[in-house]
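Engineer: sequence first, then the predicted structure:
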Amino acid sequence: MNELSLQTYEMARRSIVKVLRQPALFIFPILFPLIMMGINVSGLDAATEIPGFPTDSYLDFAIAFPMVQGALFASINAGSSVARDVETGFLNRLALTPMQRAAMLLGLFTGEMLVAFVSTLIYLGVGFAIGLHFASGFFGVLVLLALSLLIALAFAGLGAFIGLRTGSPEAVQGVFPLLFVFLFLSSSSLPRDLIEHDWFRIVATWNPVSYLFEGLRSLIIFGWQAKELALGFGVAAVIAVLGVYGATVALRTRVAAR
């Protein structure tokens, strides 16, 4: 095992242990999206009667919501965690060691990715238990897991960037309402072509979060749709690259300014 792998392992172990020692870091991001999904499925089931709605089960349409929302919570956790490390001086002390910056970030993301993976399995398990249909079959489930992990990495990268730039857990929490707006001004509740209000449909079309929903949803409702999957993976990859790059630059600046 080379030095980078060993350092990444140690930082990842710390990140996972930190998550396990604070149940709120994984129970709330799993439970709250499930509650929201239950409310949406029971309250918006009549939407399936709208002409052109892609499925007769709103559960099939709504199951993507907790996955994206869970990734959003992961971004807040990642940002708060790294901001707390800045605030307590842990990052500065770590910078005095031979620890590589890449290992710091990889270790940070590991805990959040673990929560995202377990969360997605729970969402799918609950979904299948109450009647979820999966058009793309077993291999579609694997692709959905891959996309959900990429989405989690994208949001965690943004969270880490905000946390490193501000160095304040409170500031990270303050960004949460803004990110939540992106979640709801998207195609999370209705397909974009069925949104009646022009301004809402335009905003949802320009909102990158819509394509994350549609990429996940395509595997469940339609099967294999190349365009939706390409857009879903592409948008998630772009956000992930920007988030991780921003976090890397912010970490370099933070360490250089110690």
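Structural biologist: Thanks, I have the structure now. Numbering: from 1, shown residues only.

Engineer: and the helix or strand harbouring residue 235, which residues are buried?
Structural biologist: In this structure, residue 235 is located in helix 226-256 according to DSSP states H and E. By 16 or more other Cβ atoms under 10 Å, the buried positions in helix 226-256 come out as 228-229, 231-233, 235-236, 239-240, 243-244, 246-248, 250-251, 254-255. C-beta: built from backbone N, CA, C; applies to glycine.

Engineer: again, but for stretch 100-115
Structural biologist: 103-115.

Engineer: which residues does residue 143 contact?
Structural biologist: Counting by Cβ atoms under 8 Å, 6 or more residues apart in numbering, residue 143 makes contact with 136, 219, 229.

Engineer: now, which of those sits nearest residue 92?
Structural biologist: The closest of these to residue 92 turns out to be residue 229 (Cβ to Cβ; 42.7 Å).

Engineer: just give me the neighbour total for residue 142.
Structural biologist: 12 (other Cβ atoms under 10 Å).

Engineer: ok, it to residue 121 distance?
Structural biologist: From residue 142 across to residue 121, the span is 12 Å (Cβ to Cβ, to the nearest Å).

Engineer: ok, so of the buried residues of stretch 100-115, who is nearest residue 55?
Structural biologist: The nearest one, if we look at the buried residues of stretch 100-115 relative to residue 55 and count by Cβ to Cβ, is residue 115, at 28.5 Å.

Engineer: what's next to stretch 208-223, contact-wise?
Structural biologist: 54-55, 60-61, 63-65, 67-68, 132-136, 140-141, 143-144, 147-148, 151, 182-183, 186-188, 192, 204, 224-225, 228-229, 231-236, 238-239.

Engineer: in it, what counts as buried?
Structural biologist: 209-221.

Engineer: any chance of these in JSON lines with secondary structure and distance to residue 92 as columns?
Structural biologist: JSON lines is the format used below for those (DSSP: H, G, I helix; E, B strand; the rest coil; distance: Cβ to Cβ, whole Å):
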{"residue": "209", "secondary structure": "helix", "distance to residue 92": "35"}
{"residue": "210", "secondary structure": "helix", "distance to residue 92": "40"}
{"residue": "211", "secondary structure": "helix", "distance to residue 92": "39"}
{"residue": "212", "secondary structure": "helix", "distance to residue 92": "35"}
{"residue": "213", "secondary structure": "helix", "distance to residue 92": "40"}
{"residue": "214", "secondary structure": "helix", "distance to residue 92": "43"}
{"residue": "215", "secondary structure": "helix", "distance to residue 92": "40"}
{"residue": "216", "secondary structure": "helix", "distance to residue 92": "39"}
{"residue": "217", "secondary structure": "helix", "distance to residue 92": "44"}
{"residue": "218", "secondary structure": "helix", "distance to residue 92": "45"}
{"residue": "219", "secondary structure": "helix", "distance to residue 92": "44"}
{"residue": "220", "secondary structure": "helix", "distance to residue 92": "46"}
{"residue": "221", "secondary structure": "helix", "distance to residue 92": "49"}
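
Engineer: tell me the SS of residue 52?
Structural biologist: coil (DSSP: H, G, I helix; E, B strand; the rest coil).

Engineer: the one 3 residues further on too?
Structural biologist: The local conformation at residue 55, judged by three-state DSSP, is coil.

Engineer: I figured it hits residue 48, correct?
Structural biologist: Yes. With contacts counted by Cβ atoms under 8 Å, residue 55 reaches residue 48, the gap being 6.7 Å.

Engineer: what sits in contact with each of those two?
Structural biologist: residue 61.

Engineer: nearest to residue 3 among the buried residues of stretch 100-115?
Structural biologist: For the buried residues of stretch 100-115, the nearest to residue 3 is residue 103 (8.5 Å; Cβ to Cβ).
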